[in-house]
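Novice: Here's my sequence, what's the structure:
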Amino acid sequence: MQWEKLGLLWAPSGEADWARTHATLPVVQPLSADQWWVYVSTRDAQGKSRIGRLTLDVSTLPSAAPRVASFDAAPVLSLGAPGTFDDCGVMPSWLVPNGDELRLYYLGWNVIGTVPYRLSIGLAISHDRGQTFERYSQGPVVDRSSREPFFATAPCVLNEDGRWRMWYVSCTGWQEIDGRWEPRYHVKYAESADGIDWQITGISCIAAADGEAIGRPCVVRLADRYVMIYSRRWLAGYRSIPDRAYRLEYAESTDGIAWRPAGQCGISRSGDGWDSQMLEYCWIERCGNETYLLYNGNGFGQSGVGVARLRHW
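Specialist: Just a heads-up that it's a prediction; the model follows:
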């Protein structure tokens, strides 16, 4: 697998009070051959996140990076009601068409008293092709449980002929490092008959080595296999030391359950600039005969979102 970087797409510059910084966790909704919507998570001055949306002119692909035509004036999804699982922030994770509706699976988070935060998986649904979204419920569709005692988050969801499949980030515990609590996590697997009530299988797809964490799986199905690109980092020093920060790796599978890690995915940090310290939180978008990778760089999306083109699998 090898990617050619096309450059930075967008980073907030104070477009709105709710979008002061960050463009985290890009999720693409193609509208036409020349236009995409890209959902991202932005942050306000207090660090609370909402889901915003860019309109991209992609007519320049594959030779040059798309142009941002506009940024929505209001968030697609804002904070949950006080006391709910997403009252401190919402972040996009996956879009799935389902008949006449469009489902947006998202991360909801809030602050708690011991460790820094709690994460859960929420669902918002659009009945007008993405123009507007409404929460399916005020509660999450996947949350802490006897099988997930810490948190479950960042899902990738595929509907394969009525068999709903989810690869998600499962926290296995918290570790105090240099006076700060850091989560350990890896990728697990769940299934559902309707995409709402999920069976937590306990199956670990990509396990983290000791002292590491693995996050934000992105799974695509090819003709003969599944491919997953995910983010890997160390538990200690990942915020300030580039060699310990997030990088993108990939794995392959014939059934989507048993995975074979294959190392780095053919894209690495730049020598300087917006993605010189870390790479994480990718989305794979296939368009015609080309395949593109949207991803975040430095500061967990603070430096913006960029795009690369696949040279070969």
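Novice: what number of residues lie near residue 250?
Specialist: By the criterion of other Cβ atoms under 10 Å, residue 250 has 22 neighbours. From N, CA and C alone the C-beta is placed, and that goes for glycine too.
Novice: Setting the sequence-adjacent residues aside, check what's closest to it.
Specialist: Computed as Cβ to Cβ, 6 or more residues apart in numbering, the closest residue to residue 250 that is not its neighbour in sequence is residue 265, at 4.0 Å.
Novice: residues in contact with that neighbour?
Specialist: 1, 3, 229, 248-250 (Cβ atoms under 8 Å, 6 or more residues apart in numbering).
Novice: same deal with residue 2?
Specialist: By Cβ under 8 Å, 6+ apart, the contact list for residue 2 reads 266, 310-312.
Novice: For it, name its beta-bridge partners.
Specialist: With DSSP bridges applied, residue 2 shows beta-bridge pairing to residue 312.
Novice: So that it lines up with my notes, have the first residue be 631 from now on.
Specialist: Got it, first residue is 631 now, which makes that one residue 632.
Novice: What residues sit buried inside stretch 701-709?
Specialist: Burial within stretch 701-709, assessed by neighbour count using 16 or more other Cβ atoms under 10 Å, is assigned to 701-702, 705-707, 709.
Novice: in this structure, which spans are helices?
Specialist: For the chain, applying DSSP state H gives no helices.
Novice: Would you confirm that residue 807 contacts residue 864?
Specialist: No - Residue 807 lies out of contact with residue 864 (Cβ atoms under 8 Å); the separation is 9.9 Å.
Novice: okay, these two: which has more neighbours?
Specialist: A count of neighbours by other Cβ under 10 Å puts residue 864 above the other of residue 807 and residue 864, at 18 against 14.
Novice: Would you check that the more buried one makes contact with residue 840?
Specialist: No - contact criterion Cβ under 8 Å: residue 864 and residue 840 do not qualify, at 10.4 Å.
Novice: what about the strands in the stretch 831-943 of the chain?
Specialist: Here the stretch 831-943 of the chain has its strands, by DSSP state E, counting those that start in this stretch, at 842-851, 856-864, 877-883, 890-894, 910-917, 920-926, 935-942.
Novice: All set, thanks.
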